[in-house]
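**Student:** Output the structure for:
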Amino acid sequence: MKIFTLSFFSILFVCLFNFSVSAQPGATCAEAVVVSSVPYTATGLTTVGTTYTGIACSGTFPNYMSGADYVFSFTPAVTQTYGIVLSGTSPTASIFVTDVCPDNASVACIANINSTMGNPTLSVPLTAGTTYFITISTVSLAAATTNFDILIDACNGTPTPNFTFTQNALDVTFTNTSTNASTYEWFYGDELIAFPNPIAFGELVENPTHTFTSYGDHEVVLIATNSCGSADTIIQTITLVCPGTAPVADFTYNQTGADVAFQSTSTAADSVGWYFGDEILPINPFTSPTTTEAAPSHTYTSNGSFTVTCIAYNECGSDTTTQVITITTVSAGSIFSENISVACFPIPAENVLNVNISGNTSDVQILLINDLGQIVYSVNSKSNNHVIDISKFSKGVYTINVKTNSTIQIQRILFK
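**Tutor:** Numbering: from 1, shown residues only. Down below sits the predicted model:
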């Protein structure tokens, strides 16, 4: 029994000893990771923190460590300010710098920082020849474990951001030529929340590649920060040159009374868009072309001069041309030659909108236009009774445009 007891406790001791030996590097001061020179970087590390009885870097000495914190030792060769930068952390990550091992009763706090947002940065003056212990921990049981990358470097000078770039079509590779910097943040002007909005977040890489969506001028922002938190910003406009040929818009037309046949003669165009000058809403950034056919026909229902716009598109951008069409052959009587009436119901409309047209013997075009001037529904039909599914449209006031060969009727409809 004694032999068994001895063996049992021997095995238990060995297990405990092996567990301690196999603990992560830096889990105790005896296993502290030695930083022999700067700049020092390490990635993919993990620390398991604890809660503290007082504010960070205070309280009784056992509260400085949980036994699973990540500890570094550093003896600087030069007396100066050093920066400690963490990245890739969860919230409540913390940095503690002490003059002896944190579990020593005589420990003195040199500097510390807690970050409720994560990724803390600490600048601290250190004396040459003195060994300091740098403990990475967390101060929340809700987020006790965090991964982290670390950079320790001397604070030498103010960062100066700069970069060059090379273009391959819409793909741009940036080469960082900044000096005295350790971290970088990029903005390309196409972010959902753009610089300098204080809640904007850029790309945190040194030499990124970014794919733009268009050629032309783009404002690129680079923020360079050193390991002590000092930062500077450069804003530079780059011009992306399209490798192809820019489109040139042009068109011809053949007019017979109020009927006009158009033909795009644009060059290097992948597509075209048309506005005939009699749309309900004028051209604006929110309107869509009336048609994208290469050779559309259009019938005007009133006399006057109409500015016809043709826009040619390709990957290099767009080009616009206009011509004025003059209509003089529409008589006042012919505009309303048919006794047309349009009934829309229910009002306000929900889920479906019924459109009934009476007195019409020609083709009918129905357009739904939102308050931004965008055509959200279009149909051409010989039928005089239409049921439109509006369940996919946002609530608001819409314009319905009912057009026949002889008349146009416009109504405003509330969708709820």
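**Student:** and the closest residue to residue 370 other than its chain neighbours, how many neighbours?
**Tutor:** Residue nearest to residue 370 in three dimensions, not counting chain neighbours: residue 376, with 5.4 Å by CB to CB, 6 or more residues apart in numbering. C-beta coordinates here come from the backbone N, C-alpha and C atoms, glycine included. When counting by other CB atoms under 10 Å, one arrives at 15 neighbours for residue 376.
**Student:** Below-threshold pLDDT in the protein: ranges please.
**Tutor:** The chain contains residues with pLDDT under 70 at 1-28, 49-67, 139-143, 331-339, 360-361, 405-406.
**Student:** these two touch, right, residue 185 and residue 205?
**Tutor:** No. With contact defined as CB atoms under 8 Å, residue 185 does not reach residue 205; the gap is 9.0 Å.
**Student:** Look at the two and report which has more neighbours.
**Tutor:** Legend: neighbour count by other CB under 10 Å for residue 185 and residue 205, higher for residue 185 (19 against 14).
**Student:** Check whether the more buried one sits in a helix, strand or coil.
**Tutor:** Of the three states, residue 185 takes strand under DSSP: H, G, I helix; E, B strand; the rest coil.
**Student:** distance of it from residue 123?
**Tutor:** Residue 185 sits 18 Å away from residue 123 when distances are taken as CB to CB, to the nearest Å.
**Student:** Could you report the neighbour count for residue 309?
**Tutor:** Neighbour count of residue 309, defined by other CB under 10 Å: 20.
**Student:** Is it bridged to anything, and to what?
**Tutor:** residue 275, residue 322 (DSSP bridges).
**Student:** That one: what's it in contact with?
**Tutor:** Counting by CB atoms under 8 Å, 6 or more residues apart in numbering, residue 309 makes contact with 274, 275, 277, 283, 320, 321, 322.
**Student:** follow-up on the earlier one: what residues does the residue nearest to residue 370 make contact with?
**Tutor:** 368, 369, 370, 393, 398.
**Student:** and if you look at residue 231?
**Tutor:** Counting by CB under 8 Å, 6+ apart, residue 231 touches 159, 223, 224, 225.
**Student:** Please tabulate those residues in CSV, including the columns neighbour count, secondary structure and distance to residue 215.
**Tutor:** Below are the contacts of residue 231 laid out as CSV (neighbours: other CB atoms under 10 Å; DSSP: H, G, I helix; E, B strand; the rest coil; distance: CB to CB, whole Å):
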residue, neighbour count, secondary structure, distance to residue 215
159, 22, coil, 31
223, 22, strand, 26
224, 25, strand, 27
225, 22, strand, 31
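**Student:** CSV for those residues, including distance to residue 343?
**Tutor:** Compiled in CSV, the contacts of residue 231 are given as follows (distance: CB to CB, whole Å):
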residue, distance to residue 343
159, 70
223, 61
224, 66
225, 66
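**Student:** dump the residue contacts of residue 42.
**Tutor:** Shown in contact with residue 42 (CB under 8 Å, 6+ apart): 33, 149, 150.
**Student:** Restrict those residues to the buried ones and give me that as a PyMOL selection.
**Tutor:** Buried members of those can be picked out in PyMOL with the line below, counting by 16 or more other CB atoms under 10 Å:
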select buried, resi 33+150
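**Student:** now, which of the contacts of residue 42 lie within strands?
**Tutor:** Secondary structure from DSSP state E places 33, 149, 150 of these in strands.
**Student:** out of those, which one sits closest to residue 260?
**Tutor:** Nearest to residue 260 among the ones in strands among the contacts of residue 42 is residue 149, at 66.1 Å by CB to CB.
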